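> A predicted structure for the sequence below; I have some questions about it.
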Amino acid sequence: MMEKSNLTTLCYIEQDGKYLMLHRVKKEKDVNKDKWIGIGGHFEPGESPEECLLREVKEETGLMLTGFSFRGIITFSAKGWPVEYMCLYTADHFEGTLTDCDEGTLEWVEKEQVLSLNIWEGDKIFFRLLLADAPFFSLKLSYEGDRLTEAVLDGQQLEI
């Protein structure tokens, strides 16, 4: 079996002041179990970030993105796990009909409500950057288990 890439994409699809969120409740062994996350996944061999983004969104939602923006790169470091580099996108134009997702439940959530969901601590940091329409950023998030131990934005240590 081929090892999964440590390169991933994540997208927040936007419509009418809401983001499409994925509540990860369907897989038994899931690092994101019971968490709410955006749409995305691992690169396949030879894919560009945009190709991965478009494929993952289509697979998980049935939607075809027609307008999206590359917003930042997130470096995840966690004890006992390989480092992961995630390309973060937002999308505001798409075609198609929302389908069921085999990884969890898809739900449109008011942007202001997302921070009150069960999301990763580090996700709250980049989510606030998206809400503030921050320019392209690089964010490093370090975890021990579920606990965020370090956050570095564009090379500057953040208070956590």
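That came through, no problem. Just so it is clear, the model here is predicted, and its values are computed rather than measured.

> In the lengthiest strand in the chain, which residues are buried?
For the chain, the longest strand by residue count, based on DSSP state E, is strand 64-78. For strand 64-78, the neighbour count (16 or more other C-beta atoms under 10 Å) marks 65, 68, 71, 72, 74, 76, 77, 78 as buried. The way it works is simple: take the backbone N, C-alpha and C, and place the C-beta from them, glycine included.

> what comes into contact with the biggest helix by length in the chain?
Ranked by number of residues, the top helix in the chain under DSSP state H is helix 49-61. When contacts are defined by C-beta atoms under 8 Å, 6 or more residues apart in numbering, helix 49-61 is touched by residues 7-9, 11, 13, 20, 22, 39-44, 47, 63-65, 68, 70, 87, 89, 91, 94, 96, 98-99, 101, 103, 106.

> try 7 Å this time
Contacting residues not belonging to helix 49-61 are listed as 9, 11, 20, 22, 39-41, 43-44, 63-65, 68, 87, 89, 98-99, 101, 103, 106 [C-beta atoms under 7 Å, 6 or more residues apart in numbering].

> tell me the angle it makes with strand 64-78.
Counting by axes from the mean of the first three to the mean of the last three C-alpha atoms, to 10 degrees, helix 49-61 lies at 100 degrees to strand 64-78.

> Now helix 49-61: buried residues?
Neighbour-count burial for helix 49-61 [16+ other C-beta under 10 Å]: 49, 52, 53, 54, 56, 57, 58, 60, 61.

> any chance of the residues you listed in TSV, with pLDDT and distance to residue 131 too?
Formatted as TSV, the buried residues of helix 49-61 follow (pLDDT from 0 to 100; distance: C-beta to C-beta, whole Å):
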residue	pLDDT	distance to residue 131
49	97	22
52	97	24
53	98	20
54	98	24
56	96	23
57	97	21
58	97	26
60	95	23
61	97	22
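
> Quick check: the farthest pair among those?
Across the buried residues of helix 49-61, the longest distance by C-beta to C-beta is 17.8 Å; it joins 49 and 61.

> just the helices in the protein please.
49-61, 111-114, 121-131.

> Which neighbouring elements make contact with the shortest one?
The helices and strands touching helix 111-114, judged by 3 or more C-beta pairs under 7 Å, 6 or more residues apart in numbering; DSSP states H and E, are strand 18-23.
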